[in-house]
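# Attaching a predicted model along with its sequence, questions to come.
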Amino acid sequence: MIEELQEVFNEAVAGTDDELMEKYFEGEELTTAEKIKGLTIGLAEGTIVPVFAVSGLTGVGVDLLLDFIKDCAPAPKAENAKKGDADVEIACDASAPLAGICFKTLADPFIGKLNFFKIVAGKITQGMTVVNARTGDEERLGKLVSTLGAKQTDLKECAAGDICAIAKLSTFKTGDTMCAQGNVVTLEPVEIPNATYSMAITAEKKGEEEKVANAANRIIEEDPSITFVNNTETRQTILSGLGEQHLDVCLSKMKERYKVTANLIQPRVAYRETISKKVEVQGRHKKQSGGHGQFGDVWIEFEPCDSDELIFAERVVGGSVPKNFFPAVEKGLRESMEKGVLAGYPMVGVKATLFDGSYHPVDSSEMAFKTAASIAFKNGIPNAGPALLEPIVTLNAVCNDDVMGDIMGDINKRRGRVLGMTPIGDGMQEIVAEVPQGEMTTFSIAMRQITQGRGSFTTEFARYERCPENITQKVIEESKEEE
């Protein structure tokens, strides 16, 4: 068995170089130096992936791993960077101008913020003034430490090729470049994956919303792949991450570090409402209560149109409604559009035409006509075939060939439409589909399970489409329960 494995090993190593391949096919034994040469090439190209069995408890095998890194791992290469708009290469040289990348941030409630830096070129010392390439701000460095587990050791300096942590930096965050004054360069930032799984977050105890927000923002400092935003339309705060487990860890950190507990619930979907047929309706407002009364009377025609907001028009003849009241009518209608008649969602695709009405020379006012327009809206829209619209997103999913059918099946179960598939090489396929946003909440979990973590996806808002009747009824019922 060992001989078979050695044969596989020798073939892999020989395949990295023409000379080694020639020697291998001639049946000659590869020397240790030649094997190291082949491993070095294969490791750098990614064609060989070494696996070591080591024990963290006893340390057995760690010496072999370290020897391998010394002999075969690629030497520090020139890093790509930008200086202004120009591309430059920065060599790993302690005597060169300073350049370092912040690759990790820890937010500790006791220590404060701790930024970890890989120094690519030059060196840093305590008390030195450096520049943040992203903000342009200058900052004086505090204590430098190296970390081993929870143990911290003070450092006098940190030179090119080394890693250190710096406490209490105010302007730096993950992905920022630290550089010398007068030589501002930007290193390639850390790639941060986009959040794909979103839930609404609520404080467990009333009045602790601000504590939850502060805790979430501290956690985001160390993990920028988490987002925390307030959705003004659905009146919910949305916590987003890479999956269910990611958000659970975030809640655990909030509880353990910042002593605040929160719950996750399904986020509301930002539906819209519209109408499907034309109606003519009267809105009449008349009120008498000592002194001047209030009088406004309008006839409005509502009809469907292709627009994201109200289109207001008028064809009043004979001055039945004076022109100075037109803006008040439009304002009343626009305010009414903010809350539809089915489930209280904003309305779109409505054209309102003021075509008749009447007024009183004394009692008519802008407020009276604004109220009359609201009454017309309230009376007319329920008879104009109101319908619920749901947001549709364009899904770009990348998955391995062997599970493409399962991913497409999952998309279909979510009422999605597959638009096309494209092979993108390395045994991967790209699937483009359109899926209702309301069905996408758990897609991140399904994608990870089906592709065994090898898949990825992005979504982008496409348009609104009419909701199926069963979904409409469910949304209306949920809206009534909330009220």
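Yes, it's here.

# where does the residue most central in space within the chain fall, phi/psi-wise?
A centroid search over the chain (C-alpha atoms, centre = their mean) returns Ala195, at 3.8 Å, as the residue closest to the centre. When quoted as degrees, to the nearest 10, the phi and psi of Ala195 stand at phi -70, psi 130.

# so it makes contact with Ser225?
Yes - between Ala195 and Ser225 there is a contact at 6.1 Å, judged by C-beta atoms under 8 Å. C-betas here are computed from N, CA, C, even on glycine.

# can you list residues touching both of those two?
Shared contacts of Ala195 and Ser225 (C-beta atoms under 8 Å, 6 or more residues apart in numbering): Gly241, Leu242.

# Which secondary structure element of the protein has the lowest mean pLDDT?
strand 79-83 (a mean of 81; mean pLDDT, DSSP states H and E).

# C-alpha coordinates for that one, PDB please?
The C-alpha coordinates for strand 79-83 follow below in PDB (Å, rounded to 0.1, in the frame of the first residue of the first chain):
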ATOM      1  CA  GLU A  79       2.800  42.000  -3.400                       C
ATOM      2  CA  ASN A  80       0.600  43.900  -5.800                       C
ATOM      3  CA  ALA A  81      -0.300  47.400  -4.700                       C
ATOM      4  CA  LYS A  82      -1.700  50.600  -6.100                       C
ATOM      5  CA  LYS A  83       0.100  54.000  -5.800                       C
END
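
# Can you name every helix or strand that the helix or strand just after it contacts?
The helix or strand immediately downstream of strand 79-83 is strand 86-90, counting by DSSP states H and E. Based on contacts counted as 3 or more C-beta pairs under 8 Å, 6 or more residues apart in numbering; DSSP states H and E, the elements that strand 86-90 packs against are strand 79-83.

# who's in contact with the strand it packs on?
Defining contact as C-beta under 8 Å, 6+ apart, one finds that strand 79-83 is touched by 87-90, 92, 99, 120-121, 177, 184-188.

# what two of the residues you listed are the furthest from one another?
Cys92 and Val184 (19.1 Å; C-beta to C-beta).

# and stretch 214-231, how far from the chain's centre?
11 Å (C-alpha atoms, centre = their mean, to the nearest Å).

# What's the end-to-end length of it?
Its first and final residues considered, stretch 214-231 spans 17 Å by C-alpha to C-alpha, to the nearest Å.

# buried ones in it?
Within stretch 214-231, the residues that qualify as buried by neighbour count (16 or more other C-beta atoms under 10 Å) are Ala215, Ala216, Arg218, Ile219, Ile220, Glu222, Asp223, Ser225, Ile226, Phe228.

# where does the stretch 101-250 of the chain have low pLDDT?
109 (pLDDT under 70).

# 80 - rerun?
107-112, 150 (pLDDT under 80).

# Break down it into its strands, ranges please.
Assigned by DSSP state E, counting those that start in this stretch, the strands in the stretch 101-250 of the chain fall at 112-121, 123-125, 129-132, 138-140, 144-148, 151-155, 157-159, 163-167, 177-179, 186-187, 197-203, 227-231, 236-241.

# Tell me how many other residues crowd the closest residue in space to Asn183 that isn't next to it in sequence.
The shortest distance from Asn183 to any non-neighbouring residue, by C-beta to C-beta, 6 or more residues apart in numbering, is to Pro97 (4.1 Å). When neighbours are counted by other C-beta atoms under 10 Å, Pro97 registers 15.

# three-state assignment of Pro97?
coil (DSSP: H, G, I helix; E, B strand; the rest coil).

# With Ile41 instead?
When classified by three-state DSSP, Ile41 comes out as helix.

# do the same with Phe377
Put simply, Phe377 is helix when judged by three-state DSSP.

# got it, and Thr472?
helix.

# quick one: pLDDT of it?
What the model reports for Thr472 is a pLDDT of 91.

# ok now do it, which residues does it touch?
The neighbourhood of Thr472, defined by C-beta under 8 Å, 6+ apart, consists of Leu342, Ala387, Leu388.

# how does it look with 10 Å?
By C-beta atoms under 10 Å, 6 or more residues apart in numbering, Thr472 lies in contact with Tyr271, Glu273, Leu342, Ala343, Pro386, Ala387, Leu388, Leu389, Glu390, Arg466.

# Adding neighbour count, secondary structure and distance to Ile69, write these out as a markdown table.
Below are these laid out as a markdown table (neighbours: other C-beta atoms under 10 Å; DSSP: H, G, I helix; E, B strand; the rest coil; distance: C-beta to C-beta, whole Å):
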| residue | neighbour count | secondary structure | distance to Ile69 |
| --- | --- | --- | --- |
| Tyr271 | 25 | coil | 56 |
| Glu273 | 25 | strand | 62 |
| Leu342 | 20 | coil | 64 |
| Ala343 | 20 | coil | 61 |
| Pro386 | 18 | coil | 67 |
| Ala387 | 18 | strand | 64 |
| Leu388 | 22 | strand | 60 |
| Leu389 | 20 | strand | 58 |
| Glu390 | 21 | strand | 54 |
| Arg466 | 13 | strand | 60 |
